[in-house]
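Peer 1: 3D, please:
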Amino acid sequence: MLALEEEYYARLPAGWKVSVRELPEHDDPVAEHAGQKAALDKLPLPNVKILLDEKGEQVDSRGLAAKFEKWRGQGVKAVAVVIGGASGVSAPLLEEVDWVLSLGRLTMPHQLVRVVLAEQLYRVQTILSGHPYHRD
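Peer 2: Numbering: from 1, shown residues only. Prediction:
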């Protein structure tokens, strides 16, 4: 799956700066919060932080593209996407991201989430550039 993820990111134009991180999980909620907070603090300084969480907003591909187009119009140069864990994230961490996005309510392994995310980001780029990859 890593090869497929890399293939989609390789298709993005050079100006697209996207970093993807997985938040750590722990059996102890206090330790998990501390680890997740530390992971968020270590993110490169993007203009936008997106958290993937099953309780987030669900959009279709055109809705996702519209969000990116809005950010682009605001001068956003980089996006960091963090993948939440099976237990979700604590409320204080939700305040540290710009948007909580759901890829659906299905439970998926992180490797599959990463591939779906990479494909959707490529799809966003093709929608915004008018490329015929996306079909409604």
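
Peer 1: residue contacts, the nearest residue to residue 132 once chain neighbours are set aside?
Peer 2: Counting by C-beta to C-beta, 6 or more residues apart in numbering, residue 126 is the residue found nearest to residue 132 once chain neighbours are left out, at 7.8 Å. Where you see a C-beta, it was placed from the backbone N, CA and C, and this is true even at glycine. By C-beta atoms under 8 Å, 6 or more residues apart in numbering, the contact set of residue 126 is 132-134.

Peer 1: which one's the longest strand in the protein?
Peer 2: strand 48-58 (DSSP state E).

Peer 1: Can you redo the contacts of residue 126 as a markdown table, where the extra columns are distance to residue 97?
Peer 2: Converted to a markdown table, the contacts of residue 126 look like this (distance: C-beta to C-beta, whole Å):
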| residue | distance to residue 97 |
| --- | --- |
| 132 | 33 |
| 133 | 28 |
| 134 | 26 |
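
Peer 1: quick revisit: state the distance from the residue nearest to residue 132 to residue 70.
Peer 2: According to C-beta to C-beta, to the nearest Å, residue 126 and residue 70 sit 18 Å apart.

Peer 1: Please apply the same query to residue 11.
Peer 2: Computed as C-beta to C-beta, the residue 11 to residue 70 distance reads 22 Å.

Peer 1: The two: which has the busier surroundings?
Peer 2: Set residue 11 next to residue 70 and count neighbours by other C-beta atoms under 10 Å: residue 11 wins out with 15 against 10.

Peer 1: now the more buried one, nearest residue through space, not along the chain?
Peer 2: With C-beta to C-beta, 6+ apart, the residue lying closest to residue 11 is residue 122, at 5.2 Å.

Peer 1: Distance from the one helix or strand that neighbour maps to to the middle of the chain?
Peer 2: According to DSSP states H and E, residue 122 maps onto helix 110-129. The chain centre lies 9 Å from the centre of helix 110-129; the measure is C-alpha atoms, centre = their mean, to the nearest Å.
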